[in-house]
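K.L.:
have a look at this prediction, sequence included:
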Amino acid sequence: MKVEQIYTGCLAQGAYYIESEGEVAIIDPLREIQSYIDKASSENATIKYVFETHFHADFVSGHIDLANKTGATIIYGPGAETNYKIHSATDGEEFKLGNITIKALHTPGHTLESTTYLLINEKGENHAIFSGDTLFLGDVGRPDLAIKSDLTKEDLAGMLYDSLRNKIMPLADDVIVYPAHGAGSACGKNLSKETVGTVGDQKKTNYALRADMTKDEFVKEVLDGMPPPPQYFAKNAMMNKSGYDAFEHVLKTGNVPLSPEDFEAIANHEEALVLDVRPQSDFIKGHIPNSIFIGLNGQFAPWVGALITDLKQTILLVVPEGKSEEAVTRLSRVGYDNTLGYLDGGIETWKAAGKDIETLESISVNKFSKRAKSEDLNILDVRKGGEYNSSHLENAQHFALDFINQNMNEVDRNKTYYVYCAGGYRSVIATSILKSRGFNNLVDVAEGYSAIKNTDLPTIDFVCPSTIKS
């Protein structure tokens with residue numbers, strides 16, 4: 001028996017490759033599937049099943065393409081309805097894979113069809129669970145993502161409480177937990193950086209598995225402080241339910257080199273968004289007017305999903321050399337399938353063609369500190385709410401990047417704003433979006449709050465009540 005976690009940091013997502021006696025199951029595959037096929041081929045094995053723990057909201061799964069390419073059966077949990085052929089498992093149904101067994105445990109709550117898969121080894125022992133978004137390490141899945149359901153999030157949270165206590169907590173402490181996500185995912189509130197654990201450890205450390213917790217307490221704690229889901233979640237879930245274009249087609253139409261003239265013509269004719277995915281330092285030095293920055297070197301796909309509100313938006317790319325296929329692939333993981341090409345030769349060919357370039361003013365924290373002490377600056381803190389509430393500059397306005405499209409009326413085009421995040425990635429994203437909307441008086445603070453907090457500028461810091469001495 002072989003179990004391999006295939007973890008993708010950008011999405012904080014874990015897919016799984018399970019093999020026994022020449023038969024393979026893939027759990028929650030990514031959109032691009034060739035690596036799974038190649039791995040099985042190298043092991044002289046056949047992909048028999050594709051198990052989906054639920055209709056994923058934070059990425060587009062590769063289950064349909066993988067089934068079409070290999071003939072594998074797609075397995076969902078009870079009640080799952082799709083526009084393509086699947087096997088909807090019954091609660092407790094067992095699937096033979098070589099000389100091991102995978103058992104479906106229906107665990108509704110995150111979504112109605114959510115299912116945990118129990119791996120029973122060659123000796124007939126419960127070995128591991130693939131818990132999807134039902135159980136994370138340190139947290140549980142958010143219960144507010146069900147597609148077109150009449151149930152409230154409170155109803156689903158109650159179901160999740162029952163699922164955890166009736167299906168997962170009775171398992172032996174040494175059963176391994178393989179979750180679908182780790183820290184960085186918006187599918188929960190407080191996910192651990194660890195990506196593999198045990199049932200026993202979770203009973204000790206996960207707030208949601210406290211033995212003395214009532215259902216009412218569970219519902220309240222799970223929902224408390226839950227931010228709204230990113231706008232693309234419902235759209236990705238619907239793609240996973242209804243189907244999508246083959247990834248090979250998306251890559252073929254998107255990974256196309258374009259001359260500056262063709263690039264500009266398509267941008268104008270198709271009203272395409274110019275997305276610059278180079279490092280932020282390169283964007284600062286020179287970029288195409290009205291382009292926006294979301295760099296491949298950060299949480300690229302989730303920020304694209306949060307900020308580009310139309311999944312059908314046509315996109316043109318400015319990429320580092322050799323990174324066009326990666327950019328198209330990572331866009332497709334969150335359902336952005338309408339890339340029309342990339343600027344061949346990059347920004348240098350654009351400049352060589354005599355076309356306009358804009359720059360972004362970006363200053364060091366030292367220079368920012370000096371200005372802040374001598375002038376009354378307008379400052380935007382674009383970090384998440386929890387980061388801002390924990391500690392921020394005394395006179396900084398909270399302007400979370402997550403909600404920049406909804407809150408554009410909170411900033412004044414006639415004012416100059418200094419923009420900071422934690423380290424410099426998100427501030428350039430925010431500044432590029434504001435700049436593309438006609439806000440021209442913007443200054444990026446390069447090193448962000450991680451450096452600002454080490455200056456003597458006044459801050460407001462949250463103090464945990466338990467640490468206050470009387």
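P.N.:
Structure received.
K.L.:
surely Thr111 meets Glu52?
P.N.:
No. Thr111 is not in contact with Glu52 according to CB atoms under 8 Å; the separation is 10.9 Å. C-beta here means a position set from N, CA and C on the backbone, and glycine is covered the same way.
K.L.:
of these two, which one has the most company?
P.N.:
Using other CB atoms under 10 Å, the more surrounded residue of Thr111 and Glu52 is Thr111, with 31 against 25.
K.L.:
can you tell me the helix or strand for the more buried one?
P.N.:
Under DSSP states H and E, no helix or strand contains Thr111.
K.L.:
which residues in the stretch 151-300 of the chain form strands?
P.N.:
Counting by DSSP state E, counting those that start in this stretch, one finds strands in the stretch 151-300 of the chain at the ranges 176-179, 197-198, 257-258, 273-276, 292-293.
K.L.:
of these, which is nearest Gly448?
P.N.:
Across the strands of the stretch 151-300 of the chain, Gly448 has its closest neighbour in strand 292-293 (15.0 Å, CB to CB).
K.L.:
domain assignment for the protein?
P.N.:
Per the record, the chain has its domains at 2-235, 245-352, 362-461, by automatic domain parsing.
K.L.:
need those domains in a markdown table (columns: mean pLDDT).
P.N.:
Listed next are those as a markdown table, based on pLDDT from 0 to 100:
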| stretch | mean pLDDT |
| --- | --- |
| domain 2-235 | 95 |
| domain 245-352 | 97 |
| domain 362-461 | 96 |
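K.L.:
not counting sequence-adjacent ones, nearest residue to Lys323?
P.N.:
Sequence neighbours aside, Leu296 is the residue nearest to Lys323 in space, at 6.2 Å (criterion: CB to CB, 6 or more residues apart in numbering).
K.L.:
tell me the contacts of that neighbour?
P.N.:
Counting by CB atoms under 8 Å, 6 or more residues apart in numbering, Leu296 touches 277-278, 319-320, 323, 326-327, 330.
K.L.:
and these, which are buried?
P.N.:
Burial by neighbour count, 16 or more other CB atoms under 10 Å: within the contacts of Leu296 this picks out 277-278, 319-320, 323, 327, 330.
K.L.:
out of those residues, which is nearest to Gln13?
P.N.:
Arg330 (12.0 Å).
K.L.:
so what's that closest one closest to, chain neighbours aside?
P.N.:
Leaving aside its chain neighbours, Arg330 sits nearest to Ala301 (5.1 Å; criterion: CB to CB, 6+ apart).
K.L.:
hang on, that neighbour in a strand?
P.N.:
No. Counting by DSSP: H, G, I helix; E, B strand; the rest coil, Ala301 is not part of a strand but helix.
K.L.:
tell me the contacts of it?
P.N.:
Ala301 makes contacts with 10-11, 59, 330-331, 333-334, as judged by CB under 8 Å, 6+ apart.
K.L.:
assign Ile379 to helix, strand or coil.
P.N.:
With three-state DSSP as the basis, Ile379 sits in strand.
K.L.:
contacts only, for it.
P.N.:
Taking CB under 8 Å, 6+ apart as the test, what Ile379 contacts is 372, 393, 395-397, 417-420.
K.L.:
one more: Ala396?
P.N.:
So Ala396 contacts 379-381, 388, 420 (CB under 8 Å, 6+ apart).
K.L.:
run through the bridge partners of it.
P.N.:
Counting by DSSP bridges, Ala396 is bridged to Ile379.
K.L.:
Phe263 is in contact with Val319, isn't it?
P.N.:
No. Using CB under 8 Å, Phe263 is not in contact with Val319; the gap is 11.9 Å.
K.L.:
isn't Lys215 right next to Asp155, touching?
P.N.:
No. Using CB under 8 Å, Lys215 makes no contact with Asp155, being 11.4 Å away.
K.L.:
possible to save the contacts of Ala301 as CSV with secondary structure?
P.N.:
As requested, the contacts of Ala301 are exported to CSV (three-state DSSP):
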residue, secondary structure
Cys10, coil
Leu11, coil
Phe59, coil
Arg330, helix
Leu331, helix
Arg333, coil
Val334, coil
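K.L.:
count the residues that sit near Leu387.
P.N.:
Leu isn't right for residue 387; it's Glu. Glu387: 16 surrounding residues under other CB under 10 Å.
K.L.:
I'd guessed it sits against Arg426; true?
P.N.:
No. At 10.0 Å, Glu387 does not count as touching Arg426 under the criterion of CB under 8 Å.
K.L.:
how far does stretch 380-388 stretch from start to finish?
P.N.:
Using CA to CA, to the nearest Å, one end of stretch 380-388 lies 11 Å from the other.
K.L.:
ok, stretch 400-411 next?
P.N.:
Start-to-end, stretch 400-411 (CA to CA) is 12 Å.
K.L.:
list the buried residues of that stretch.
P.N.:
400-404, 411.
K.L.:
helices - which of those land there?
P.N.:
For those, not one is inside helices, with DSSP state H as the criterion.
K.L.:
among those, which two are most distant?
P.N.:
Put simply, by CB to CB the two of the buried residues of stretch 400-411 set farthest apart are Asp402 and Val411, 15.3 Å from each other.
K.L.:
could you pull up phi and psi at Glu93?
P.N.:
When read as degrees, to the nearest 10, the backbone of Glu93 gives phi -60, psi 140.
K.L.:
equivalent analysis for the one 5 residues further on, please.
P.N.:
Dihedral pair for Gly98: phi 60, psi -120, per degrees, to the nearest 10.
K.L.:
need the contact partners of stretch 345-361.
P.N.:
259-261, 263-264, 278, 282-289, 318-321, 343, 428, 431-432, 435, 442-444.
K.L.:
start and end of it, how far apart?
P.N.:
25 Å.
K.L.:
same check on stretch 277-291?
P.N.:
Stretch 277-291: ends 10 Å apart by CA to CA.
K.L.:
tell me the buried residues in it?
P.N.:
Those would be 277-280, 282-284, 286-288, 291, for stretch 277-291 by 16+ other CB under 10 Å.
K.L.:
closest to Ile33 among these?
P.N.:
Val277 (22.9 Å).
K.L.:
so the closest one makes contact with Phe300?
P.N.:
Yes. Using CB under 8 Å, Val277 is in contact with Phe300, at 6.9 Å.
K.L.:
so for those two, which residues contact both of them?
P.N.:
What both Val277 and Phe300 touch, as defined by CB under 8 Å, 6+ apart, is the set Ile294.
K.L.:
and the pLDDT at Trp463?
P.N.:
Rather than Trp, residue 463 is Val. pLDDT, Val463: 59.
K.L.:
correction: Thr467
P.N.:
At Thr467, pLDDT is 38.
K.L.:
next, the buried residues of the helix or strand harbouring Trp350.
P.N.:
Taking DSSP H and E as the criterion, the element that holds Trp350 is helix 346-352. Neighbour-count burial for helix 346-352 flags 346-347, 350 (criterion: 16+ other CB under 10 Å).
K.L.:
name the nearest of those relative to Phe130.
P.N.:
Closest to Phe130, out of all of the buried residues of helix 346-352 and judged by CB to CB, is Gly346, at 41.4 Å.
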